[in-house]
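Engineer: What follows is a predicted structure for the sequence shown.
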Amino acid sequence: SQQGEEDPQALSIQEGENATMNCSYKTSINNLQWYRQNSGRGLVHLILIRSNEREKHSGRLRVTLDTSKKSSSLLITASRAADTASYFCATDDSSSGSARQLTFGSGTQLTVLP
Amino acid sequence: SQTIHQWPATLVQPVGSPLSLECTVEGTSNPNLYWYRQAAGRGLQLLFYSVGIGQISSEVPQNLSASRPQDRQFILSSKKLLLSDSGFYLCACNDRGSYEQYFGPGTRLTVT
């Protein structure tokens, strides 16, 4: 079943604007990750935030995590046309062992218009 | 860093035919391996994962199976395909002790 649900499902903005995507989940997690997928390609890991962290930055990306609300947001600042892609949150609630069983949301399709 | 190869890139198969998708990994040893399926416009569903040679865990009951004959080789198979098996199949890996997963380019399977 889908644990993470992204909002909005689709987002269209102008180049240079900021893009914000939200993710909600249902159970306790070890960490939450964001991935990017260009059309018809594999996923690329963007950023990971642990359950005891509230905010994390990486370049133009900023991720927040609110475990009390079971939600996360991904902010892409100063967007570029090359940021056009689908963005997925994935929650890691693996109980034990080395295998990380990620549960992916349904994704946000971001379109950045030049 | 890891590189994941998947083949074929696309496949069109009739209902009832067998399936074999292959995934190989470079740049790491003894990784955890994963098979995911993605329906059109949807997120990924974990199908199988493996923590070592011959060790396969299934997440979703189905007519698919997986095998890991070598450390860096992961195979997804079916004896008889169903229409519902159509989708985009992605292989992924991660190093032990690491949380992020690396994905292959995927195989688009259409069952007709």
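Structural biologist: Cool, got the structure. Residues are numbered from 1 along each chain as shown, chains lettered A, B, ... in the order given.
Engineer: isn't B:Asp95 right up against B:Gly27?
Structural biologist: No - judged on CB atoms under 8 Å, B:Asp95 makes no contact with B:Gly27 at a distance of 9.8 Å. In this view, the C-beta of every residue, glycine as well, is placed from N, C-alpha and C.
Engineer: if you count what's nearby, which of these two comes out ahead?
Structural biologist: B:Asp95 (18 against 13; other CB atoms under 10 Å in any protein chain shown).
Engineer: now that one: how far from A:Ser24?
Structural biologist: 29 Å (CB to CB, to the nearest Å).
Engineer: same check, this time on A:Cys89
Structural biologist: 9 Å.
Engineer: of these two, who's got more company?
Structural biologist: In this view A:Cys89 and A:Ser24 are compared by other CB under 10 Å, and A:Cys89 has more residues nearby, 31 against 16.
Engineer: If you count contacts, what does the worst-scoring helix or strand of chain A on mean pLDDT end up packed against?
Structural biologist: Every helix and strand of chain A was ranked by mean pLDDT, DSSP states H and E. The lowest is strand A:5-7, at a mean of 84. Applying 3 or more CB pairs under 8 Å, 6 or more residues apart in numbering or on different chains; DSSP states H and E, one finds that strand A:5-7 contacts strand A:19-24, strand A:85-92.
Engineer: Also compute the angle for the very next helix or strand once past the shortest one relative to strand A:85-92, please.
Structural biologist: Proceeding N to C from strand A:19-24, the next assigned helix or strand is strand A:31-37, under DSSP states H and E. Orientation of strand A:31-37 against strand A:85-92 (axes from the mean of the first three to the mean of the last three CA atoms, to 10 degrees) gives an angle of 160 degrees.
Engineer: Strand A:31-37 close to chain B?
Structural biologist: Yes - counting by CB under 8 Å from any CB of the partner chain, chain B is contacted by strand A:31-37 at A:Asn31, A:Gln33, A:Tyr35.
Engineer: Isn't B:Pro105 up against A:Asn38?
Structural biologist: No - contact status for B:Pro105 versus A:Asn38: not in contact, 10.5 Å apart, counting by CB under 8 Å.
Engineer: ok, what's across the strand from B:Gln38?
Structural biologist: For B:Gln38, the beta-bridge partners are B:Leu44, B:Phe88 (DSSP bridges).
Engineer: State the distance from it to A:Arg41.
Structural biologist: Applying CB to CB to B:Gln38 and A:Arg41 gives a distance of 11 Å.
Engineer: shared neighbours of the two, which are they?
Structural biologist: When contacts are counted by CB atoms under 8 Å, 6 or more residues apart in numbering or on different chains, the set common to B:Gln38 and A:Arg41 consists of B:Gly106.
Engineer: More neighbours: the two, which one.
Structural biologist: B:Gln38 (22 against 16).
Engineer: can you pull the contacts of that one?
Structural biologist: B:Leu44, B:Gln45, B:Gly87, B:Phe88, B:Tyr89, B:Leu90, B:Gly106.
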